[in-house]
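In: mind looking at a prediction? Sequence and model below.
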Amino acid sequence: MTALIATITDKGVLAPTYSEVLAELQKKFRAIYGQDINLDNDTADGQWLGIVASAINDANAALTASYTGYAPSTASGAALSSIVRTNGISRNRASFSSVDLRCIGQAGSTISGGIVEDENGNRWKLPDTVVIPPQGEITVTAICSKEGAIEALPGTVTKIMTPTLGWQTVSNPAAAALGQAVETDAQLRARQKQSVALPSRSVFEGILASVAAIDGVSAISGIDNDTSRTDSNGIPPHSIAIIADGGDTQAIADAIFRKKGPGTGTYGNTSQQVFDRYDVVHNISFSRSVRKAISAKVTIVPLTGYETGIGERIRKTVADFIDGLAIGESLMLTRLYLPASLNGSADLATYKLVSVETSADGETFGQSDIAIRFNERAACDPASVELVIQS
């Protein structure tokens, strides 16, 4: 006999399917009224049993969701948002793009409510108060006034919209870190796993976890050169190289300083000053990833049922896969065949995949892997994916 309600066992929660619940109700109904009773879907009795079975199935689904909602690996939605708070993190909301700005001016000048503009007319807001230090320049993080993935290429944020005495120039040495949509369940689970590494077995793991937990950090990687010589990536001996996209520069520098061991150097293209408890200044360096432009060429033969929209989906799926690679993760050509096949969806039957080729930084297309350096991150959009249709 099939149980109608979900039960909790040593293997977890077990719940019957809707069809199993309906079959069991029909069995019990026939035991009462006889085996010859008509319980088809077009009868009143059959429809009533369908309503009851649906109600039981909904209750079982709610119980299952409640049971699985106590573990980050199985919880979803609001339950997952709630449980990760026990790890001291929360789901990232839709965010704004941020860009590191190099502000140059007279020492001691105060910039209040500073706003700058890029060449596309997008405005970026500096911290409420910025004081130019004695060396005459400071790097701060500005936030875009528009929500979402607003781009700003290096050297394009140069217009001061709030002229201030002593503030002379502004520029962005690196591209903006793009804003994101609300953090997905999969992304939040991955970040929760990183957060529990804070009390980790190694100091380096703790640094990565601490930086990853900073609001706005969308990607992180790093290398620990614990040898007595400069490694193949150019990282000095006994130094760490942290690469982080998104997040406030000062918050990242503070996190690295708090977690790194004494005598450990830091390496990167961005530096920030951190004061210890004795007001001694420490220069903490880390890097923003360098976006490496990747293009792809997908050649197909259309079959029955092929439509233009399917081709656009191919381009977007391939671009999303490339753009989703982690910092320092090289692009393996063979892995592009799955997204080029729309991850095995039914639309794959409407075309034959002939070949996939790739190109880096405008080079000639070829069927080869593309190496990504430790501080680089692959970048691709649908416009960079060429679709070739053969007859």
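Out: Now that the structure is in, tell me what you want to look at.
In: which residues sit in contact with residue 87?
Out: Shown in contact with residue 87 (CB atoms under 8 Å, 6 or more residues apart in numbering): 192, 195-196. Using the backbone N, CA and C atoms, a C-beta is placed for each residue, glycine as well.
In: just the pLDDT for it.
Out: Listed pLDDT for residue 87 reads 76.
In: now residue 384, nearest residue through space, not along the chain?
Out: Leaving aside its chain neighbours, residue 384 sits nearest to residue 295 (4.5 Å; criterion: CB to CB, 6 or more residues apart in numbering).
In: correct me if wrong: the one you found contacts residue 366.
Out: No: counting by CB atoms under 8 Å, residue 295 does not reach residue 366; the two are 11.1 Å apart.
In: more neighbours: the two, which one.
Out: A direct count of neighbours by other CB atoms under 10 Å for residue 295 and residue 366 places residue 295 higher, at 20 against 13.
In: any idea what the more buried one is bridged to?
Out: residue 359 (DSSP bridges).
In: quick one on the thing from earlier: give the contact list for the residue nearest to residue 384.
Out: 358-360, 362, 365, 380, 384-386.
In: how about the residues you listed in CSV, adding pLDDT, neighbour count and distance to residue 12?
Out: Converted to CSV, the contacts of residue 295 look like this (pLDDT from 0 to 100; neighbours: other CB atoms under 10 Å; distance: CB to CB, whole Å):
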residue, pLDDT, neighbour count, distance to residue 12
358, 96, 23, 43
359, 95, 18, 48
360, 93, 18, 46
362, 82, 7, 52
365, 94, 14, 49
380, 93, 24, 40
384, 94, 18, 45
385, 96, 26, 42
386, 95, 14, 48
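In: identify, from those residues, the entry nearest to residue 127.
Out: residue 380 (32.7 Å; CB to CB).
In: three-state assignment of the closest residue to that closest one other than its chain neighbours?
Out: Leaving aside its chain neighbours, residue 380 sits nearest to residue 322 (3.8 Å; criterion: CB to CB, 6+ apart). Secondary structure assignment for residue 322 (DSSP: H, G, I helix; E, B strand; the rest coil): helix.
In: contact partners for residue 322?
Out: So residue 322 contacts 294, 296, 331, 336, 378-380 (CB under 8 Å, 6+ apart).
In: now the helices for the stretch 51-200 of the chain?
Out: Counting by DSSP state H, counting those that start in this stretch, residue ranges of the helices within the stretch 51-200 of the chain are 77-83, 185-195.
In: worst average pLDDT in these?
Out: Among those, helix 185-195 carries the lowest mean pLDDT (a mean of 78).
In: give the other helices and strands that it contacts.
Out: helix 77-83, helix 203-212 (3 or more CB pairs under 8 Å, 6 or more residues apart in numbering; DSSP states H and E).
In: if you set the cut-off to 6 Å instead, what comes out?
Out: Secondary-structure packing of helix 185-195 (3 or more CB pairs under 6 Å, 6 or more residues apart in numbering; DSSP states H and E): helix 203-212.
In: identify the residue spatially nearest to residue 275, adjacent ones excluded.
Out: Nearest residue to residue 275, sequence neighbours excluded (CB to CB, 6+ apart): residue 281, at 6.0 Å.
In: distance of the one you found from residue 245?
Out: For residue 281, the distance to residue 245 (CB to CB, to the nearest Å) stands at 26 Å.
In: which of those two has more residues huddled nearby?
Out: It is residue 245, of residue 281 and residue 245, that has more neighbours when counted by other CB under 10 Å, with 21 against 9.
In: on that earlier part again, which among the contacts of residue 322 end up buried?
Out: Neighbour counting by 16 or more other CB atoms under 10 Å classes 294, 296, 331, 336, 378-380 among these as buried.
In: how about the one residue sitting closest to the centre of the chain, nearest residue that isn't a chain neighbour?
Out: Central residue of the chain (CA atoms, centre = their mean): residue 218, 5.2 Å from the mean position. Closest residue in space to residue 218, ignoring its immediate chain neighbours: residue 246 at 4.1 Å, by CB to CB, 6+ apart.
In: can I assume the one you found is in contact with residue 177?
Out: Yes: at 4.2 Å, residue 246 counts as touching residue 177 under the criterion of CB atoms under 6 Å.
In: may I ask which helix or strand encompasses residue 224?
Out: strand 219-225 (DSSP states H and E).
In: run the angle between that strand and helix 185-195 for me.
Out: 30 degrees (axes from the mean of the first three to the mean of the last three CA atoms, to 10 degrees).
In: rounded mean pLDDT for strand 219-225, please.
Out: Taken as a whole, strand 219-225 has a mean pLDDT of 93.
In: how about the strands of the stretch 201-350 of the chain, start to end?
Out: For the stretch 201-350 of the chain, the strands defined by DSSP state E, counting those that start in this stretch cover 219-225, 239-245, 265-267, 270-275, 281-286, 290-302.
In: between those strands, which one is closest to residue 346.
Out: strand 290-302 (15.3 Å).
In: next one: that closest one to chain centre, how far?
Out: Chain-centre distance of strand 290-302: 21 Å, with CA atoms, centre = their mean, to the nearest Å.
In: ok, stretch 183-195 next?
Out: 9 Å.
In: try stretch 64-80
Out: 21 Å.
In: list the contacts of it.
Out: Outside stretch 64-80, the residues that touch it by CB atoms under 6 Å, 6 or more residues apart in numbering are 6, 13, 15, 83, 185, 189, 192.
In: domain ranges for this protein?
Out: 7-69, 96-171, 200-286, 292-389 (the TED database).
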